[in-house]
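A.B. asks: build the 3D model from these lines:
(chains A, B, C and D)
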2 protein chains.
Amino acid sequence: MRLVIARCSVDYVGRLTAHLPMATRLILIKADGSVSIHADDRAYKPLNWMNPPCTLKESDGTWTVTHKNGEQLVITVEEILHDSTHELGVDPGLRKDGVEAHLQELLAERIEVLGKGWTLIRREYPTAIGPVDLLCRDHTGACVAVEIKRRGEIDGVEQLTRYLELLNRDPLLAPVRGVFAAQEIKPQARVLAEDRGITCVTLDYDALRGREDDSLRLF
Amino acid sequence: MRLVIARCSVDYVGRLTAHLPMATRLILIKADGSVSIHADDRAYKPLNWMNPPCTLKESDGTWTVTHKNGEQLVITVEEILHDSTHELGVDPGLRKDGVEAHLQELLAERIEVLGKGWTLIRREYPTAIGPVDLLCRDHTGACVAVEIKRRGEIDGVEQLTRYLELLNRDPLLAPVRGVFAAQEIKPQARVLAEDRGITCVTLDYDALRGREDDSLRLF
DNA sequence: CTCTAAATTTCGCAC
DNA sequence: GTGCGAAGTTTAGAG
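C.D. replies: Below is the predicted model of the structure:
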């Protein structure tokens, strides 16, 4: 990894055209050839960047980064204030917990929390337009499609609506109703869902993992 | 901006729980207090980060970054291999060209490329659920709602569908049909749009900007 | 403050 | 490779 602090201007031509006027910035060159330009604010997003695979060519004060697909980043370096290179090695990577897949797993294991007598037909029930997170039957034997999100927004309701429309064309399953389950459901998503007869369920991740009582609230 | 190369392990607790085992990485501390941890690959995304506003507290080998909303990033530093601080000043920022706003502007100026005799009613036509990109009339005087995207995906079709449903409730406008215009339209989005009677139009950005002939293709 | 839509989104998986 | 959905998405803008 090479760290350069330099006065530079930058031009990107690719998916769009963008220009950075001359100023002092961090140029970060990584072992995979990727380059990013950082200002002194914002943790996440670089001002400008080039994803791997790409190659850097230095010529005079002009550094040209070219991507395989033709995108180009041209850095015009006026003055270098710092330049150091460091060996980092391969990173062991990030271990995550708490994502949607895990929510799905937990809810599948405790499907009865959605209602007494509910049973799971299967997780990732395949349809022509994609897999339904959970397909189950309620205590009456009626089919229910469950869409699980970490944060429930309008998109998720639309997605579930498309699944329901498709599933209800199958005479072996119909009538299928929907449950929209998320750790947090945005008000507009809730309104849209309920307007379509979809039940909203707020999931409590810690409770789902810990105890089976009190693990969610029905509204 | 402070650049630290260090052997460290990192724990994030917030929207999820994540752990980075001990390894050598770049720790980037910016003037706004934000912190990001980078491995030696990938230009864009840090391994771990904390967005501003947040505060860093160093105590012994433990650096704790706390966000206003309670999220926390704990960096356990075993060995510091490099540590330098640099004054960068405020960045003049990025100038972009070619984004959706510009596409909308260009298409509004050349609305006749959608069809002979078409006229623009207005850009950003306001509705209760948000502004319609372009509202126009075709050669017969019938109302058309145009949704413009850089890349046309299912979400955009759903968005346009919601607008059309609303606009068609207005007796002064109805019947309103839809045009889905994008530089690139994903196959599934095209199928969904056409199934709903929405016309798909592929925009050529350079041609739109350059000449008015040949500036788009209707499928 | 919330909510929505865009992003050079990136990233990962499945086909 | 393409397509599609998730992401600690982040970011910008409107209400």
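A.B. asks: in the longest helix seen in chain A, what's buried?
C.D. replies: If you go by DSSP state H, chain A has its longest helix at helix A:154-167. Within helix A:154-167, the residues that count as buried by 16 or more other CB atoms under 10 Å in any protein chain shown are A:I154, A:G156, A:V157, A:E158, A:Q159, A:L160, A:T161, A:R162, A:Y163, A:L164, A:L166, A:L167. C-betas here are computed from N, CA, C, even on glycine.
A.B. asks: off-centre distance for that helix?
C.D. replies: Between the centre of helix A:154-167 and the centre of its chain there are 19 Å (CA atoms, centre = their mean, to the nearest Å).
A.B. asks: what packs against that helix?
C.D. replies: If you count contacts as 3 or more CB pairs under 8 Å, 6 or more residues apart in numbering or on different chains; DSSP states H and E, helix A:154-167 packs onto strand A:132-137, strand A:143-152, strand A:176-185, helix A:187-195, helix B:154-167.
A.B. asks: which residue, neighbours along the chain excluded, lies closest to A:D83?
C.D. replies: Of all residues beyond its chain neighbours, the one nearest A:D83 is A:V4 (5.0 Å), with distances taken as CB to CB, 6 or more residues apart in numbering or on different chains.
A.B. asks: thinking again about what came up before, turn the helices and strands packed on helix A:154-167 into TSV, including mean pLDDT.
C.D. replies: Output for these, formatted as TSV (pLDDT from 0 to 100):
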stretch	mean pLDDT
strand A:132-137	92
strand A:143-152	91
strand A:176-185	91
helix A:187-195	84
helix B:154-167	87
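A.B. asks: then the longest helix of chain A to PDB, C-alphas only?
C.D. replies: The C-alpha coordinates for helix A:154-167 follow below in PDB (Å, rounded to 0.1, in the frame of the first residue of the first chain):
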ATOM      1  CA  ILE A 154     -41.400   0.300  -0.100                       C
ATOM      2  CA  ASP A 155     -39.200  -1.800  -2.400                       C
ATOM      3  CA  GLY A 156     -39.700  -4.800  -0.100                       C
ATOM      4  CA  VAL A 157     -43.500  -4.400  -0.200                       C
ATOM      5  CA  GLU A 158     -43.400  -4.300  -4.000                       C
ATOM      6  CA  GLN A 159     -41.200  -7.400  -4.100                       C
ATOM      7  CA  LEU A 160     -43.600  -9.300  -1.800                       C
ATOM      8  CA  THR A 161     -46.500  -8.100  -3.900                       C
ATOM      9  CA  ARG A 162     -45.000  -9.500  -7.000                       C
ATOM     10  CA  TYR A 163     -44.400 -12.800  -5.300                       C
ATOM     11  CA  LEU A 164     -48.000 -12.900  -4.000                       C
ATOM     12  CA  GLU A 165     -49.400 -12.200  -7.500                       C
ATOM     13  CA  LEU A 166     -47.400 -15.100  -8.900                       C
ATOM     14  CA  LEU A 167     -48.000 -17.500  -6.100                       C
END
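A.B. asks: which members of the buried residues of helix A:154-167 additionally contact DNA strand D?
C.D. replies: Filtering the buried residues of helix A:154-167 for proximity to DNA strand D (criterion: CB under 7 Å from any atom of the strand) leaves A:G156, A:Q159.
A.B. asks: most distant residue from the middle of chain A?
C.D. replies: A:D60 (40.4 Å; CA atoms, centre = their mean).
A.B. asks: show the contacting residues for that residue.
C.D. replies: Contacts for A:D60 were tallied using CB atoms under 8 Å, 6 or more residues apart in numbering or on different chains; there are none.
A.B. asks: correct me, but A:V13 touches A:T66?
C.D. replies: No: the pair A:V13 / A:T66 is not scored as a contact, 10.4 Å apart, by CB atoms under 8 Å.
A.B. asks: so what sits against both of the two?
C.D. replies: A:Q72.
A.B. asks: the nearest residue to A:E100 once chain neighbours are set aside and A:G156, how far apart?
C.D. replies: If the residues on either side of it in the chain are set aside, A:E100 comes closest to A:R150, at 5.3 Å by CB to CB, 6+ apart. The gap separating A:R150 from A:G156 is 10 Å, by CB to CB, to the nearest Å.
A.B. asks: shared neighbours of those two, anything?
C.D. replies: By CB under 8 Å, 6+ apart, A:R150 and A:G156 have these common neighbours: A:A182.
A.B. asks: quick revisit: out of the buried residues of helix A:154-167, who's nearest B:V132?
C.D. replies: Checking those against B:V132 with CB to CB, the nearest one is A:I154 at 16.7 Å.
A.B. asks: quick one: contacts for A:E100?
C.D. replies: A:I148, A:K149, A:R150.
A.B. asks: centre of the chain to stretch A:83-97, how far?
C.D. replies: So, by CA atoms, centre = their mean, the centroid of stretch A:83-97 is 22 Å from its chain's centroid.
A.B. asks: does that stretch reach DNA strand C?
C.D. replies: No: Stretch A:83-97 does not reach DNA strand C (CB under 7 Å from any atom of the strand); its nearest approach is 7.8 Å.
A.B. asks: for stretch A:28-39, same thing?
C.D. replies: No: using CB under 7 Å from any atom of the strand, stretch A:28-39 stays clear of DNA strand C, coming no nearer than 7.6 Å.
A.B. asks: neighbouring contacts of that stretch?
C.D. replies: A:1-4, A:8, A:10, A:20, A:23, A:25-27, A:46-56, A:65, A:73, A:75, A:88, B:1, B:26, B:28, B:30, B:38, B:40-44, B:88, B:91.
A.B. asks: just the residues you listed: which are in strands?
C.D. replies: Residues of those located in strands (DSSP state E): A:2-4, A:8, A:10, A:20, A:23, A:25-27, A:48-50, A:54-56, A:65, A:73, A:75, B:26, B:28, B:38.
A.B. asks: filter those residues down to the buried ones, ChimeraX style.
C.D. replies: A single ChimeraX command is used to select the members of the ones in strands among the contacts of stretch A:28-39 judged buried by 16+ other CB under 10 Å:
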select /A:3,4,8,10,20,23,25,26,27,48,49,50,54,56,65,73,75 /B:26,28,38
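A.B. asks: how about the residues of chain A by DNA strand D?
C.D. replies: Residues of chain A lying close to DNA strand D (CB under 7 Å from any atom of the strand) are A:42-45, A:96, A:99-101, A:129-130, A:149-151, A:155-156, A:159.
A.B. asks: just give me the closest of the residues you listed to chain B.
C.D. replies: Chain B lies nearest to A:A43 out of the residues of chain A next to DNA strand D, by CB to the nearest CB, at 3.5 Å.
A.B. asks: how about the closest one: what's its closest non-neighbour residue?
C.D. replies: Distances taken as CB to CB, 6+ apart place B:S34 nearest to A:A43, at 3.5 Å, with adjacent residues excluded.
A.B. asks: can you tell me how far the residue nearest to A:D83 sits from A:H82?
C.D. replies: In this view, A:V4 and A:H82 are 7 Å apart by CB to CB.
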